[in-house]
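**Q** Generate coordinates for the sequence data below:
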Amino acid sequence: MIPALLRTFSAALLLIGGAAQARPASIATPALWQVKDDDTTIYLFGTVHVMKPGIDWFNGGVKQAFDKSDQLVLEIIEPDDPNQLGATMAGMAMAKDGVKLSDRLSPDARATYQAAMDANGMPWRAFDMFNPWMAGMALSVAPLEKLGYKNDLGAEKILRSAATAAGKKVDALETVEQQVGFFASLPMAQQVQFLNATVDGLPEMEKEFGDLLTYWQAGQPDKLAKSMNESLEATPELAQVLLTGRNANWAKWIKARLDQPGTVFVAVGAGHLAGKGSVQDQLKALGVASHRVKE
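**A** Numbers count the residues shown, from 1 in each chain. Below you'll find the predicted structure:
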């Protein structure tokens, strides 16, 4: 869930879409990859973390690969109690130096940030006790909730529920604490940069996510990567910490997992499987081949 709140890396970590009103399901054919040796098959699937009704993606090759798998691996296993996640985040987000969040921003950035918080029904004064990354994450998700996007309709929720029902083992590449820690450990300058980038991107959020969803539904990772790279150009340090660095770690996990027999379905944010520095690129650097699974 945590990466799904990132606005700066929306292409990689928060692909959304659908329609608020009931309508015939739109059949999606998202991309799927495979890593394989003699006795192990690992599928790589890029997820959409939040959605509205009306997109039928759990079918065709994706569903067949999932059904063949005896293990589901997600980015994290989200706590069943949302209060537990909130408490973890709040505890790690509290500013330890006594500086108010608003005081960390330039006058112009502060005014824009406070207006954005007010517009989305969030008390910016209450966030003054936190570090900037916390407010950036809050602003990443609040507008989407207003537009009707729901975490419960995200691919991870669907996959985990299906795996549990089928008796499949469910594991994670990271813990909640690790994911929150990626933000909490960012230098203050990068946290401010993340918050400012989030605020600046709010006016284009709905359109941008709509475009990204179109690419995801059509199974066009190259176009998704092009849009993603545009949003990452202004924040390369953040991209290294929150995207490509994690991709490298996951590639090492996948390579090691090939030493054990079985079939595994790995589901991570779609942006991790698109563009330069993707999980597939990191695997190639380790001497492990991956290929696109065709419908």
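**Q** hey, let's count contacts and neighbours off CA atoms from now on
**A** Will do.
**Q** Show the contacting residues for T47.
**A** By CA atoms under 8 Å, 6 or more residues apart in numbering, the contact set of T47 is L15, G154, A155, E156, A267, V268, G269, A270.
**Q** phi, psi of it?
**A** Backbone geometry at T47, expressed as degrees, to the nearest 10, gives phi -100, psi 160.
**Q** in stretch 84-97, what's buried?
**A** Burial within stretch 84-97, assessed by neighbour count using 16 or more other CA atoms under 10 Å, is assigned to L85, M89, A90, M92, A93, M94, A95.
**Q** which two of the contacts of T47 lie the greatest distance from each other?
**A** L15 and A267 (13.6 Å; CA to CA).
**Q** could the buried residues of stretch 84-97 go into JSON lines alongside distance to G275, secondary structure and pLDDT?
**A** Shown next, in JSON lines, are the buried residues of stretch 84-97 (distance: CA to CA, whole Å; DSSP: H, G, I helix; E, B strand; the rest coil; pLDDT from 0 to 100):
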{"residue": "L85", "distance to G275": "30", "secondary structure": "helix", "pLDDT": "78"}
{"residue": "M89", "distance to G275": "29", "secondary structure": "helix", "pLDDT": "85"}
{"residue": "A90", "distance to G275": "33", "secondary structure": "helix", "pLDDT": "85"}
{"residue": "M92", "distance to G275": "31", "secondary structure": "helix", "pLDDT": "93"}
{"residue": "A93", "distance to G275": "31", "secondary structure": "helix", "pLDDT": "95"}
{"residue": "M94", "distance to G275": "34", "secondary structure": "strand", "pLDDT": "95"}
{"residue": "A95", "distance to G275": "35", "secondary structure": "coil", "pLDDT": "96"}
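**Q** Can you tell me which of those residues is closest to L32?
**A** Closest to L32, out of all of the buried residues of stretch 84-97 and judged by CA to CA, is L85, at 29.6 Å.
**Q** do you know how far the closest residue to the closest one other than its chain neighbours is from E177?
**A** Among residues not flanking L85 along the chain, P79 sits closest, at 6.5 Å (CA to CA, 6 or more residues apart in numbering). According to CA to CA, to the nearest Å, P79 stands 11 Å off from E177.
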